[in-house]
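Student: predicted model and sequence below, questions to follow.
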Amino acid sequence: MGTAICGRLTLSPNHVFSPKPGDKNSLYRGRYLNRGILATLSATGAGKGGGLLDRPVIEKTTPGRESEFDVRKARKTSPPYRVLLHNDNYNKREYVVQVLMKVIPGMTLDNAVNIMQEAHYNGLSVVIICNQPDAEEHCMQLRGNGLLSSIEPASGGC
């Protein structure tokens with residue numbers, strides 16, 4: 001194969017773009033003239049130009065791992081789920097409102113009070129409708145704060 005370049009070389013643009021056969025500073029030697037890859041070049045001199053080129057970073061996806069685009073696409077097409085809040089006789093109303101505002105992003109005080117009131121009077125209230133992973137996360141956070149909650153597919157029911 002060709003000669004590997006380790007470290008940085010100080011070369012003029014003439015050495016890089018028009019190498020002479022047998023030049024000891026030439027980047028390519030022998031029959032591999034067109035097969036080498038210039039990793040790093042530090043061109044210094046009194047003329048114009050000159051700069052530092054670094055090897056580009058190419059990110060490779062791991063086999064079996066989805067890209068960020070695929071994850072976003074899957075979230076958009078996943079079926080919606082309801083997060084349900086169940087009434088209990090243990091937690092105070094003010095505490096339920098505080099937990100809802102803390103756990104659910106974008107939850108306003110008025111919405112939290114309405115959800116709490118509906119759960120109190122009807123025994124059950126829909127907190128939010130979202131994709132399944134988010135619904136599971138919200139349900140676990142509500143449970144972690146002592147509230148009774150569950151999830152169900154949003155397509156069924158009323």
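Tutor: Arrived safely, thanks for sending. Residues are numbered from 1 along each chain as shown.

Student: residue 146 in helix, strand or coil?
Tutor: coil (DSSP: H, G, I helix; E, B strand; the rest coil).

Student: next one, pLDDT for it please.
Tutor: You'll see residue 146 listed with a pLDDT of 95.

Student: so residue 107 sits against residue 99, correct?
Tutor: No. Under the criterion of C-beta atoms under 8 Å, residue 107 is not in contact with residue 99, lying 9.8 Å apart. For every residue, glycine as well, the C-beta is placed using N, CA and C.

Student: so what's in contact with the two at the same time?
Tutor: In terms of C-beta atoms under 8 Å, 6 or more residues apart in numbering, residue 107 and residue 99 are not both contacted by any residue.

Student: neighbour-wise, which of the two wins?
Tutor: Legend: neighbour count by other C-beta atoms under 10 Å for residue 107 and residue 99, higher for residue 99 (22 against 17).

Student: how far away is the closest residue to that one other than its chain neighbours from residue 128?
Tutor: Spatial nearest neighbour of residue 99, chain neighbours left out: residue 145 (4.4 Å); criterion: C-beta to C-beta, 6 or more residues apart in numbering. Distance, residue 145 to residue 128, using C-beta to C-beta, to the nearest Å: 15 Å.

Student: so where do the strands sit in the protein?
Tutor: 10-11, 41-43, 52-53, 80-86, 124-131, 148-153 (DSSP state E).

Student: residue 138: which of these is closest?
Tutor: Closest to residue 138 of the strands of the chain is strand 80-86 (C-beta to C-beta; 4.8 Å).

Student: what angle sits between the closest one and strand 124-131?
Tutor: Counting by axes from the mean of the first three to the mean of the last three C-alpha atoms, to 10 degrees, strand 80-86 points 150 degrees away from the direction of strand 124-131.

Student: would you mark the buried spots in strand 80-86?
Tutor: Counting neighbours by 16 or more other C-beta atoms under 10 Å, one finds that the buried residues in strand 80-86 are 81-85.

Student: who has more neighbours out of residue 145 and residue 128?
Tutor: residue 128 (23 against 16).

Student: residue contacts, the more buried one?
Tutor: 82-83, 104, 135, 138.

Student: now it: how far from residue 85?
Tutor: 10 Å.

Student: how about residue 93?
Tutor: Taken as C-beta to C-beta, the span from residue 93 to residue 85 is 12 Å.
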